[in-house]
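Engineer: Fold the following.
(2 chains)
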Amino acid sequence: MNRSYRALAAGAALTLAASTHTVWAARDYISIAGSSTVYPFTTLVAEEFGQRTHYPTPKVESTGTGGGFKIFCSGVGTAYTDINDASRAIKPSEMAKCAANGVKEIVEIKIGYDGIVFAQSREAPAAKFTLRQLWLALAKTVPDPKGGQKLVPNPYHRWKDIDPSLPATDIEVYGPPPTSGTRDAFAELAMEGGCKTFDWIKALKKADKSRYKQICHGIREDGAYIEAGENDNLIVQKLEANPRAFGIFGYSFLEENADRVRGARIEGVEPEFESIAAGRYPLSRPLFIYVKKAHAGKIPGIPEFLDEYTSERAWGEEGYLADHGLIPLPDAERARYREVAVKLIPMKTP
Amino acid sequence: MNNADDAMDAISSPVPARLQRLRRNIRRRRRAERRFRIYGVVAVTIGLVFVLFLFANIVAKGWSAFLLTHVQLDVHFDSATVDPEGDRSPQSLARGDYAKLVKTALRERFPQVRKRRDKRALYKLVSSAAPYVLRDRLLEHPEWIGRTLPVWVPASDDVDLWMKGQVASADVRLDEKQRAWLSALIEQGRVEKRWNPFFFSRGDSRQPEVAGIGAAVAGSFFTLLVTLLLSFPIGVAAAVYLEEFAPKNRLTDLIEVNINNLAAVPSIVFGLLGLAAFIQFFGVPRSTPLVGGLVLALMTLPTIIVAGRAALQAVPPSIRDAALALGASRMQAVTHHVLPLSLSGILTGTIIGMARALGETAPLLMIGMVAFIVDIPRGPLDPATVLPVQIYLWADAAERAYVEKSSAAIMVLLAFLLLMNLAAILLRRRFEQRWQ
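Structural biologist: The predicted structure is shown next:
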């Protein structure tokens, strides 16, 4: 007993010592983190890359765009990620943080577009909305229906109250929580797009930007908008069970579940591959990956990984990313970003 | 005597008011007891119904993941295609164009398909991982080069869902032509549901038909190994010291209160601590079983210490006194007598702590173990994920074929948890001491 305890204790001490004092050997796999919207696409490329080359399969974490940048911008070295997935462009504040930690050269590659759909069960009749109607249905405060520039708490409970042409059902919308990039994009594209149609609110943008944002991005909290967590499958299930409800999620989910749910037309445009690629569908956003140039020589396989990502078989119009719901860039933009990726041309720092 | 007389009185004479009250009282108490029993039975039944419903639901959804639809193709292993260098070396074979083999085999089976669009639809019947399956098979059997052999390759996830009847026939994402080709293959006996070899042997994949829990199980194993190696010796040593050697004073009281509190801290807090301490301060690599094990060890330690102290307390003082009286040192009394007698309790606590660690995802979120891992980790320093995280990732995926995968992974996780709890019960039975 005595001896075995000593051995156990020594083993524990060794493990602790090893974990604290070893200088870590070079990492031999690519480390990627970031947006959960880009995650399905980056993982596809990572798996393909691992199968086709002799490099290990890159590790892809799903942390959210902001969480990913936090790690990405913490420094240069094997402890930090090489590539960050982003469902929006990098913010100036994140650039500044990167620069302060020695991450100076960042390569920005736009990989394609994602559409946000406002979907409903297939059992319900096809719906169509304008951005203004969407904003009026979901905003926390709206202009007084009686007229004037006064804001009142959202009085609309049925779609019909907003516009007589809309159905006479209760407003019931399942959407992502505030931590989600999809919610940010929805607020920016749909909510702000609708709220800008009121001239006096648009004028506020110059005069009082924070108030403008508060009015346009504020989502109602009286139960009409239901936060459904980050799990888009759950939203699809709820829509199936309740044909009167609507849900907000990414285009790739609509494509995978096209037999169960249908996207509403927004401003007269159907959420379809072609309309999003052409930029006609109003609720679409670009997706990016950001690469730390300083790691390109240190971690094996980064140029080859970018080569795979920007190859026609991956991100082309008939590539495997498009098969899984990514909307490809137009030809000219693909050519331009392919060059950026292959030559590792960093972004201009402000 | 008096009582008997009273009883006789009660029977023969009109019942006095006091006795009536007493009887009512008894009846009321019996009714209360019956009601209480019914409440208990109802509560247990409701619980059982929920558990059964949960299990039935998971098993119904998940069992089909252990089978996978395969398609038999007559593959011609053309030596120029699979062996570009011409020397039959594994390096050369690894670079062959196996996708071409699959496409050629499908085209030869359906020579009437000509249009480019139709060919693309035809290729979608088999998994896009089929070429890699062929490659791996050929690497095992290099003698196949130049021959034409019937090989079973996995079908695509849409075909798999259709074959398993998991989507209503109107909702299938296969068009008319694809269904016609598939029916032709079925008639020829070339479509079969077979044992899914990938589910246990492979890591995660974005092709649901070949995604597996191999990497996650290996990751869970290494993570729990690190956890056990750290938390068990430290936990037992701490319990023994606090119970047998430490003086009883303000300081040890404070430590005791703290340990009890730590046992109740939400697990995500340990993840934050792990991120700050292990990754940012000590530089342990992210996403590895080592850092995961360290964090889970922190989380499990209080459980082991609390269980260990309870087990040590249960050993009667007479054992210690007897050992000391015979001249044993205090250390000897503990290691020779007290500890062996309390070991079953300590092990039970440890196993329950480990079972909790096996099911944890929240603390691993912060240290990068919620990740897409394809390669199976070979040691505690390779990037890894764990079983519950794999379930979480699949439950969140868009492709419908992951539903059965996540249910099947839940079944495996539940099986592991049951095994661990069973081991805890057996240990307790086996070694339990009863003090008279």
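
Engineer: Could you give me the buried positions within the host helix or strand of B:Ala237?
Structural biologist: Here B:Ala237 sits within helix B:214-240, counting by DSSP states H and E. Along helix B:214-240, these residues count as buried under the neighbour rule (16 or more other CB atoms under 10 Å in any protein chain shown): B:214-224, B:226-240. C-beta: built from backbone N, CA, C; applies to glycine.

Engineer: Residue numbers of the stretch 51-200 of chain A in contact with chain B?
Structural biologist: Residues of the stretch 51-200 of chain A lying close to chain B by CB under 8 Å from any CB of the partner chain are A:51, A:54, A:56-57, A:59-63, A:71, A:78-79.

Engineer: try it again with 10 Å
Structural biologist: Taking CB under 10 Å from any CB of the partner chain, the part of the stretch 51-200 of chain A that reaches chain B is made up of A:51-52, A:54, A:56-63, A:67, A:71, A:74, A:77-81, A:122.

Engineer: In helices, which of the residues you listed fall?
Structural biologist: When helices are assigned by DSSP state H, the members of those inside them are A:51-52, A:67, A:71.

Engineer: So which of those is surrounded by the most neighbours?
Structural biologist: A:Ile71 (21 neighbours; other CB atoms under 10 Å in any protein chain shown).

Engineer: B:Arg309: what's it in contact with?
Structural biologist: With contact set as CB atoms under 10 Å, 6 or more residues apart in numbering or on different chains, B:Arg309 has these partners: B:235, B:238-240, B:242-244, B:256, B:259-260, B:342, B:345-346, B:349.

Engineer: What's the ChimeraX syntax to select whichever of the residues you listed are buried?
Structural biologist: Once 16+ other CB under 10 Å is used to decide burial, the buried members of those can be selected in ChimeraX as follows:
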select /B:235,238,239,240,242,243,244,256,259,342,345,346,349
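
Engineer: near chain A, which of the contacts of B:Arg309 show up?
Structural biologist: B:Val240.

Engineer: Now do the SS call for the closest residue to chain B within the stretch 251-350 of chain A.
Structural biologist: At 3.6 Å from chain B, A:Asp259 is the closest residue in the stretch 251-350 of chain A, using CB to the nearest CB. When classified by DSSP: H, G, I helix; E, B strand; the rest coil, A:Asp259 comes out as coil.

Engineer: That one: neighbour count?
Structural biologist: When neighbours are counted by other CB under 10 Å, A:Asp259 registers 14.

Engineer: hey, where'd the helices end up in the stretch 301-436 of chain B?
Structural biologist: Under the criterion DSSP state H, counting those that start in this stretch, helices of the stretch 301-436 of chain B are mapped to B:317-325, B:330-332, B:339-358, B:362-366, B:387-395, B:402-431.

Engineer: quick one on the thing from earlier: from the ones in helices among the residues of the stretch 51-200 of chain A next to chain B, which is closest to A:Val117?
Structural biologist: Using CB to CB, A:Gly67 is the member of those that sits closest to A:Val117, with 24.6 Å.

Engineer: shaky segments in chain B?
Structural biologist: Counting by pLDDT under 70, chain B contains low-confidence ranges at B:1-14, B:167-172, B:433-436.

Engineer: wait, does the longest helix anywhere in it make contact with chain A?
Structural biologist: The helix that spans the most residues within chain B, counting by DSSP H, is helix B:17-62. No: with CB under 10 Å from any CB as the measure, helix B:17-62 is seen stopping short of chain A, the closest distance being 12.9 Å.

Engineer: ok, then the element right after that helix?
Structural biologist: Beyond helix B:17-62 in the direction of the C-terminus, DSSP H and E gives the next helix or strand as strand B:67-76.

Engineer: residues making contact with the helix or strand following that following strand?
Structural biologist: Note on strand B:67-76: by DSSP H and E, the next helix or strand toward the C-terminus is helix B:79-82. With CB under 10 Å, 6+ apart as the contact definition, helix B:79-82 has outside contacts at B:75-76, B:86, B:88, B:92-101, B:104, B:134-135, B:138-139, B:142, B:144-147.

Engineer: re earlier: so what secondary structure elements neighbour the helix holding B:Ala237?
Structural biologist: Judged by 3 or more CB pairs under 10 Å, 6 or more residues apart in numbering or on different chains; DSSP states H and E, the packing partners of helix B:214-240 are helix A:2-21, helix B:198-201, helix B:250-262, helix B:289-313, helix B:339-358, helix B:387-395, helix B:402-431.

Engineer: And the ones in helices among the residues of the stretch 51-200 of chain A next to chain B, which two are furthest apart?
Structural biologist: Greatest spatial distance in these: A:Arg52 and A:Gly67, 29.5 Å, computed using CB to CB.
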